[in-house]
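Student: sharing a sequence plus its predicted fold:
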Amino acid sequence: MESVKSLGEPLGLQASGSEQPPPGEPSEGSQPGTPLPLSSLGSSALSIQEMVAMSPELDTYAITKKVKEVLTDNNLGQRLFGETILGLTQGSVSDLLARPKPWHKLSLKGREPFVRMQLWLSDPRNVEKLMDMKRMEKKAYMKRRHSSVSDAQPVDSALPTGDYAQSGSPQPHPQQQLKKPRVVLAPEEKEALKRAYQQKPYPSPKTIEELASQLNLKTSTVINWFHNYRSRIRRELFIEEIQAAASGEGGSPSVRAGKTVDTDSCDGAESDGPVEGRGRPLQADKVPPTEEAARAATPALSPGQTEPTTSAGEAPGTSQASPHGGPSGLGLFGFPEATPCAASSRNPKDSSLRKKKAANLNNIIHRLEKAASKEEPSEWEF
DNA sequence: TTTGAGTCAATACC
DNA sequence: GGTATTGACTCAAA
């Protein structure tokens, strides 16, 4: 019991059942999509869907905070926790823990992992079980490693190499061989897409076509990028709302504690963080008509191909904003146009919030236009 | 058909 | 080795 360091009081939703299966039995538990049966979490015969439907409103932030705490304190990884308890992969768990959406914004399906977390937290023995599983996994791994070494397998054949043809690992399924390589967008491409997003968060098919051809990307990649970007921006806005509300009402530090987004969003990986795009200020007073969005995307990529008004190296958005931003380099809402990183490092919270609001406004405008059945705005005014 | 929500999984990062 | 990021995908709703 000593190993269970920080499992404290349950967070509200109690597991209804009390029967506990014998500890251990990890069996096939480590595949995403096959979380531990609910009975293992202490619930009764209710299905998870039923439990979600019946669940009272849960504090997703408190739950994820607690889960993070417990995982950290007990040295349990996201992968094991996700695959065993939630039936999700490590990446999904990371995302959920780092950016939990408020309960009311979640669909029934989206609430499921939180109910599972809550159930898991409600019984301290669950942590011990997971730790047992971890030990068993390690044992099994060592065993495999040992046997593969004694079989004189090529180095580490048990590990995926990414190159099936040359490794000693088993032949992959034909479908794996055909798997498409992941597209990795270059920073300039992302920058260009973000710029296009600023001007039109919902580009027309024509704009998408243009963007794709100008950036030399597949249209599906551009479409996906816009989908993902909108979705992630929306999510960040939810978080900001919560944080603002929390701090407004003397907010619990716990809500903020888990949030690493934004404040250190200039870390290079997505220096802008998912938030950054909204971060790009709305361009000056007028956003160019629709298809201009595509055109606006190009300079960063091919300075030689387009008019030199916005040079590749120039801080994005600068040239367009200059008429309005003036020498101060401020955009429509008064925050710095260029180098969002620099801006946010000066006043990270303030500027990022403003940026998000600006982008949010852009989205609202789009919807209003849509509602008004305006196909393409010739001019956007505020 | 488009969009949002949720997720996977490759890969970048620490 | 664990975690974070992100392009792609599935599914459901409008």
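Tutor: That came in fine, so what should we check first?
Student: tell me if the strand or helix carrying A:Glu241 is near DNA strand B.
Tutor: Element membership of A:Glu241 [criterion: DSSP states H and E] is helix A:219-248. Yes - in terms of Cβ under 7 Å from any atom of the strand, part of helix A:219-248 sits within range of DNA strand B, namely A:227-228, A:230-231, A:234. For the C-beta atoms, the positions are set from N, CA and C on the backbone; glycine is no exception.
Student: which of those residues count as buried?
Tutor: Buried members of the residues of helix A:219-248 next to DNA strand B, scored by 16 or more other Cβ atoms under 10 Å, are A:230, A:234.
Student: wait, A:Leu88 sits on A:Pro113?
Tutor: Yes - using Cβ atoms under 8 Å, A:Leu88 is in contact with A:Pro113, at 6.4 Å.
Student: those two: who's more crowded?
Tutor: Taking other Cβ atoms under 10 Å, A:Leu88 and A:Pro113 do not tie; A:Pro113 has more neighbours (27 against 22).
Student: contact partners for the more buried one?
Tutor: Neighbouring residues of A:Pro113 by Cβ atoms under 8 Å, 6 or more residues apart in numbering: A:86, A:88, A:96.
Student: same thing but at 6 Å, please
Tutor: Counting by Cβ atoms under 6 Å, 6 or more residues apart in numbering, A:Pro113 touches A:86, A:96.
Student: run the contact check for the helix or strand that contains it versus DNA strand B.
Tutor: Using DSSP H and E, A:Pro113 falls within helix A:108-122. Yes - on the criterion Cβ under 7 Å from any atom of the strand, helix A:108-122 is in touch with DNA strand B at A:109-113.
Student: could you list the domains of chain A?
Tutor: For chain A, automatic domain parsing gives the domain ranges A:1-155, A:187-371.
Student: mean pLDDT lowest for which of those domains?
Tutor: Looking at the domains of chain A, the lowest mean pLDDT belongs to domain A:187-371 (a mean of 57).
Student: show me what the helix or strand hosting A:Thr64 is packed against.
Tutor: Assigning secondary structure by DSSP H and E places A:Thr64 in helix A:60-73. Judged by 3 or more Cβ pairs under 6 Å, 6 or more residues apart in numbering; DSSP states H and E, helix A:60-73 is in contact with helix A:108-122.
Student: what angle sits between the helix it packs on and helix A:60-73?
Tutor: Per axes from the mean of the first three to the mean of the last three Cα atoms, to 10 degrees, the angle that helix A:108-122 makes with helix A:60-73 is 50 degrees.
Student: would you mind listing what in the stretch 51-200 of chain A touches DNA strand C?
Tutor: A:71-72, A:77-79, A:90-91, A:94-95, A:97-98, A:180, A:182-185, A:190.
Student: go again with 6 Å.
Tutor: The stretch 51-200 of chain A comes close to DNA strand C at residues A:71, A:77-79, A:90-91, A:94-95, A:97-98, A:180, A:182-185, A:190, as judged by Cβ under 6 Å from any atom of the strand.
Student: what segments of the stretch 51-200 of chain A are helices?
Tutor: Using DSSP state H, counting those that start in this stretch, the helices of the stretch 51-200 of chain A run over A:60-73, A:78-81, A:90-98, A:108-122, A:125-150, A:174-177, A:187-199.
Student: export the first one as PDB, just CAs?
Tutor: The reference is to helix A:60-73. What follows is helix A:60-73, C-alpha atoms only, in PDB (Å, rounded to 0.1, in the frame of the first residue of the first chain):
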ATOM      1  CA  THR A  60     -12.600  16.900 -16.000                       C
ATOM      2  CA  TYR A  61      -9.800  19.200 -14.800                       C
ATOM      3  CA  ALA A  62      -9.800  17.800 -11.300                       C
ATOM      4  CA  ILE A  63      -9.900  14.300 -12.600                       C
ATOM      5  CA  THR A  64      -7.100  14.700 -15.100                       C
ATOM      6  CA  LYS A  65      -5.100  16.500 -12.500                       C
ATOM      7  CA  LYS A  66      -5.500  13.700 -10.100                       C
ATOM      8  CA  VAL A  67      -4.700  11.100 -12.700                       C
ATOM      9  CA  LYS A  68      -1.500  12.900 -13.600                       C
ATOM     10  CA  GLU A  69      -0.600  13.100 -10.000                       C
ATOM     11  CA  VAL A  70      -1.200   9.400  -9.400                       C
ATOM     12  CA  LEU A  71       0.600   8.400 -12.600                       C
ATOM     13  CA  THR A  72       3.600  10.500 -11.700                       C
ATOM     14  CA  ASP A  73       3.800   9.600  -8.100                       C
END
